[in-house]
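Enquirer: Fold the following and give me the result.
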Amino acid sequence: MGFLVRLLVNALALYLLTQVYGGVTFAPGADVGSIVIAALVMGIVNALIRPVLLLLSLPVNLLTLGLFTLVVNAVVLWLVASVTALNVNGFGGAFIGAIVLAVISWVLDHLVGFLGLDGRRG
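Expert: Numbering: from 1, shown residues only. From the prediction side, this is the model:
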């Protein structure tokens with residue numbers, strides 16, 4: 001999937017998350033640029049910091065059969081909220097928000113693939 005398409009899908013997913021779950025919101029007055037910046041920061045954090053967190057939490061992740069990954073995803077969402085216009089209501093809000101965001105992203109990824117917007121030939 002092209003970088004721009006992936007960025008726009010992430011931005012839409014973050015926006016939809018703020019619409020369906022009240023624990024995660026954008027700051028009042030946030031515009032489309034703020035949403036795209038939050039999506040860009042989310043991509044950078046997922047690419048650079050999330051793998052380190054997963055590696056450090058590997059023993060706990062093995063003991064919980066991978067469920068601790070939900071906690072890592074919540075930490076990632078919390079980190080993104082700390083440096084962007086995204087607001088999260090505590091760690092519980094980040095935890096539930098990360099689960100909802102994963103579902104929304106999964107649906108959007110499949111929709112983009114179904115529509116053929118991901119650039120794959122099939």
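Enquirer: can you tell me the distance between the two ends of stretch 83-90?
Expert: For stretch 83-90, the first and last residues are 15 Å from each other (Cα to Cα, to the nearest Å).
Enquirer: May I see the buried residues of it?
Expert: Buried positions in stretch 83-90, judged by neighbour count with 16 or more other Cβ atoms under 10 Å: Thr84, Ala85, Leu86, Asn87, Val88. Every residue, glycine included, has its C-beta placed from N, CA and C.
Enquirer: Of all pairs in the residues you listed, which one is the farthest apart?
Expert: By the measure Cβ to Cβ, those have their two most distant members at Ala85 and Val88, which lie 11.6 Å apart.
Enquirer: Per-residue pLDDT of Gly92, please?
Expert: Looking at Gly92, its pLDDT is 96.
Enquirer: shouldn't it be in contact with Gly23?
Expert: Yes: Gly92 is in contact with Gly23 according to Cβ atoms under 8 Å; the separation is 7.3 Å.
Enquirer: who's more crowded, the two?
Expert: Gly23 (17 against 11; other Cβ atoms under 10 Å).
Enquirer: For that one, which non-adjacent residue is spatially closest?
Expert: Leaving aside its sequence neighbours, Gly23 sits nearest to Gly93 (Cβ to Cβ, 6 or more residues apart in numbering; 3.2 Å).
Enquirer: what's the neighbour count on the one you found?
Expert: Neighbour count of Gly93, defined by other Cβ under 10 Å: 20.
Enquirer: Buried residues, the longest helix seen in the chain. List them.
Expert: Using DSSP state H to define each element, the chain has its longest helix at helix 90-115. Residues of helix 90-115 classed as buried: 93-98, 100-102, 104-105, 108-109, 112 (neighbour count, 16+ other Cβ under 10 Å).
Enquirer: Now do the contacts for Pro45.
Expert: Actually, residue 45 is Val rather than Pro. By Cβ atoms under 8 Å, 6 or more residues apart in numbering, the contact set of Val45 is Val76, Leu79, Val80.
Enquirer: what's the spacing between the strand or helix carrying it and its chain's center?
Expert: Here Val45, judged by DSSP states H and E, is contained in helix 32-48. For helix 32-48, the separation from the chain centroid amounts to 9 Å (computed by Cα atoms, centre = their mean, to the nearest Å).
Enquirer: Sweet, I'm off.
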